[in-house]
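**Q** Give me a model of this one.
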Amino acid sequence: MSNFSYVALDIHGEEIKGFLEATNVNTATAQLRDMGYFPTSIKEQAMTQGKFGAAKQKKASEGMQFRLSFPGFSKKVNLKDLSAFTRELATLIDAGLPVVRSLNILREQAKAGVLKNILNDIVESIEGGSSFSEALSRHPSTFSKLYINMIKAGEVGGVLEQVLERTAQFLEKDMSLQRKIKGAMMYPILVTCAIVGILSVIIIFVIPKFLDTLKELTGGEAGLPLPTQILLNTVGAVTGKAFLVPNFVWGFAGIIFLVIMFKIIVSKFQKVRYLLDTLKLKLIIFGPLIKKGVIARFSRTFGTLITSGVPVLQALNIVKDTSGNEVLAKNVISVHDAVREGESIARPMEDSKFFPSMVINMVDVGEETGALDTMLMKVADAYEADVDVAVEGLTSILEPFLIIIMGVVVGFIVVALYLPLIKIAGSIGG
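**A** Got it, this is the predicted structure:
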């Protein structure tokens, strides 16, 4: 007998963790299913001698978990490949092929890499007696709780091909929404980087020679006008030497270090993520756009799960875990707890003060008419359309704004360089 640690969902969709003894993973899975649980993760615990050995094993396990989840270095299937895989699998199963045969076809077509390795493990698990959803749950970094629970609902209802098609559509819509929001935010960042790059070249390689000549002509730095002195100090700060390395090199290295540390802190602390997401939603220009994207994703995720036959409480738990926004997740928890106590969905949504009135009214109508999934999909479509309009408007606003900033900076440099020349010309004329 071996010891296994497990993570599972109960009939209410609540996540539970524990340990059990079994001969292998399949037996452990069967035991959990007999207990009325849906396992999402089962791991065999290595046997160690004594308390010291157990502590050492735990420490090693934590260290491994840290390395695998290190921000920016985890190996996982990207959303585009996952969406293509899901749609191709839906097509094959819809054509009448068994799941294992369909997976084998996709495995043979897949290029060597993460996805192919995952498909190998999934096929082996299914051939060993696991269901498709249980095999997927062994790879939580690739298949989210939403994905796994939708597949489970499709297996139970006998409509796996339809659920796979809905899942593929959801992934494609989600990928499109994320691309639009990221694109809207990346545009000003890229333009700003281009401006900074051009100005850096001018400041580092062109202006210093020009300023040296001006200092000679005006009798030193004290003879330069104030704008020129400011420019001279800025150039000195950028091009000055620190341990024989230009300051901008140290600054660039410091920025990279801070970004890495920031990602580590954000990934490890939920309170930091909540604070960061709160600040994102309050940004003057991007805040409304981000909130519309969050609402659209919430509505489409919730609606897709309900359409696939996932119970409401379990669907709310999945939405919480896959929301991508801690502020939304906190409000979804409040809605979940209220619904569990017998409330409707719309009432706690209204009490949260987070959801717009249009969303609340649509959910209320959906509950009354029994078409909650349809209403949620309409909300998602409406907010995704709003995101499209907001992105176009944001681009049209930011473009002239960035051009003005560029003009002001370049204008200051020109004025700072020409003021000494005007002063010199005036003294010669006098």
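**Q** Export stretch 391-403 to PDB, keeping only CA atoms.
**A** Output of stretch 391-403 as PDB, limited to C-alpha atoms (Å, rounded to 0.1, in the frame of the first residue of the first chain):
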ATOM      1  CA  VAL A 391      -9.800  49.700 -27.600                       C
ATOM      2  CA  GLU A 392     -10.400  51.700 -30.700                       C
ATOM      3  CA  GLY A 393     -11.200  54.900 -28.700                       C
ATOM      4  CA  LEU A 394      -8.200  54.400 -26.500                       C
ATOM      5  CA  THR A 395      -5.800  54.100 -29.400                       C
ATOM      6  CA  SER A 396      -7.200  57.300 -31.000                       C
ATOM      7  CA  ILE A 397      -6.800  59.100 -27.700                       C
ATOM      8  CA  LEU A 398      -3.300  57.900 -26.800                       C
ATOM      9  CA  GLU A 399      -1.700  58.400 -30.200                       C
ATOM     10  CA  PRO A 400      -1.900  62.200 -30.200                       C
ATOM     11  CA  PHE A 401      -1.100  62.300 -26.400                       C
ATOM     12  CA  LEU A 402       2.200  60.400 -26.900                       C
ATOM     13  CA  ILE A 403       3.000  62.600 -29.900                       C
END
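**Q** What ranges does the stretch 151-300 of the chain have for its helices?
**A** Secondary structure of the stretch 151-300 of the chain by DSSP state H, counting those that start in this stretch: the helices cover 160-201, 207-218, 226-239, 247-268, 270-281, 287-307.
**Q** Could I get the phi/psi values of the most centrally placed residue in the chain?
**A** Of all residues in the chain, the one closest to the mean position by C-alpha atoms, centre = their mean is G324, 6.0 Å from it. Here is the backbone geometry of G324 (degrees, to the nearest 10): phi 80, psi 10.
**Q** residues in contact with it?
**A** Taking C-beta atoms under 8 Å, 6 or more residues apart in numbering as the criterion, G324 is in contact with V294, R297. For the C-beta atoms, the positions are set from N, CA and C on the backbone; glycine is no exception.
**Q** same thing with N331?
**A** M349, S352, F354, F355.
**Q** Is it located within a helix, as I assumed?
**A** Yes. Under DSSP: H, G, I helix; E, B strand; the rest coil, N331 falls within a helix.
**Q** Please report how far it lies from V312.
**A** Distance of N331 to V312, given as C-beta to C-beta, to the nearest Å: 16 Å.
**Q** do the same with I284
**A** 36 Å.
**Q** quick one, which of these two is more surrounded?
**A** Set I284 next to V312 and count neighbours by other C-beta atoms under 10 Å: V312 wins out with 18 against 6.
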